[in-house]
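S.K.: Here is a sequence together with a model predicted from it:
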Amino acid sequence: MQRHEPIYIAGHNGLVGSALLRNLRAAGYSNLVTADHRDLDLTAGDAVRSFFQASRPAYVFLAAARVGGILANSTRPAEFIVQNLGIELNVIREAYAAGVKRLLFLGSSCVSEGLSATDPRGIPVDWPSGDDQSGLRHG
């Protein structure tokens, strides 16, 4: 990456995104593009398209996700997975359409003792928490 090229950090206020932002700044990258959730709803495809057309980033770090912890994920799993799929789809699609050179998708999982499951044969099964599991490769 060239230090002058625009780099978009989706999720720059979160734990990982804010660390990326600090480290890129410290390394001398000067054209860092960010947008707060109140200014850009990543689940809104038209808004994401307009943002990419206007900002034309060369690189994207996708660290944005709806997160809520174990309790929230276990009580509202569909809400989390639907919103995170929307974020991932919109950012990846519009990054591709805008000719972004590289996109790095960062995801996490939520794991807790005692929340494992087995299939009918007794074989352990991964039980996604529902937060930002959709973009991760399992297996």
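M.R.: It's in. This one's a predicted model, so the numbers in the text were calculated from it and none came from an experiment.
S.K.: only C-alpha atoms for contact and neighbour calcs from this point on.
M.R.: OK.
S.K.: And for the helix or strand where Val60 lies, what's in contact with it?
M.R.: According to DSSP states H and E, Val60 maps onto strand 59-62. Strand 59-62 is touched from outside by 1, 5-11, 17, 88, 91, 95, 100-106, with contacts defined as CA atoms under 8 Å, 6 or more residues apart in numbering.
S.K.: now the helices for the chain?
M.R.: 15-26, 45-55, 69-75, 77-97 (DSSP state H).
S.K.: rewinding a little: give me the buried subset of the contacts of strand 59-62.
M.R.: Buried members of these, scored by 16 or more other CA atoms under 10 Å, are 6-11, 17, 88, 91, 95, 100, 103, 105.
S.K.: Taking those, tell me the two that lie furthest apart.
M.R.: Pro6 and Glu88 (19.9 Å; CA to CA).
S.K.: Next, find the distance separating Leu104 from Ala10.
M.R.: Separation of Leu104 from Ala10 (CA to CA, to the nearest Å): 10 Å.
S.K.: thinking again about what came up before, quick one: average pLDDT of the strand holding Val60?
M.R.: Mean per-residue pLDDT for strand 59-62: 97.
S.K.: quick one: that strand to chain centroid distance?
M.R.: Averaged C-alpha coordinates place strand 59-62 at 9 Å from its chain's average position (CA atoms, centre = their mean, to the nearest Å).
S.K.: shaky segments in this protein?
M.R.: 108-139 (pLDDT under 70).
S.K.: re earlier: would you give the sheet partners of the strand holding Val60, along with the direction of each?
M.R.: strand 7-10 (parallel), strand 102-105 (parallel) (DSSP bridges).
S.K.: residues contacting Arg76?
M.R.: By CA under 8 Å, 6+ apart, Arg76 has no neighbours at all.
S.K.: Name the nearest residue to Leu42, sequence neighbours excluded.
M.R.: Using CA to CA, 6 or more residues apart in numbering and skipping the chain neighbours, the partner closest in space to Leu42 is Ile87 (5.1 Å).
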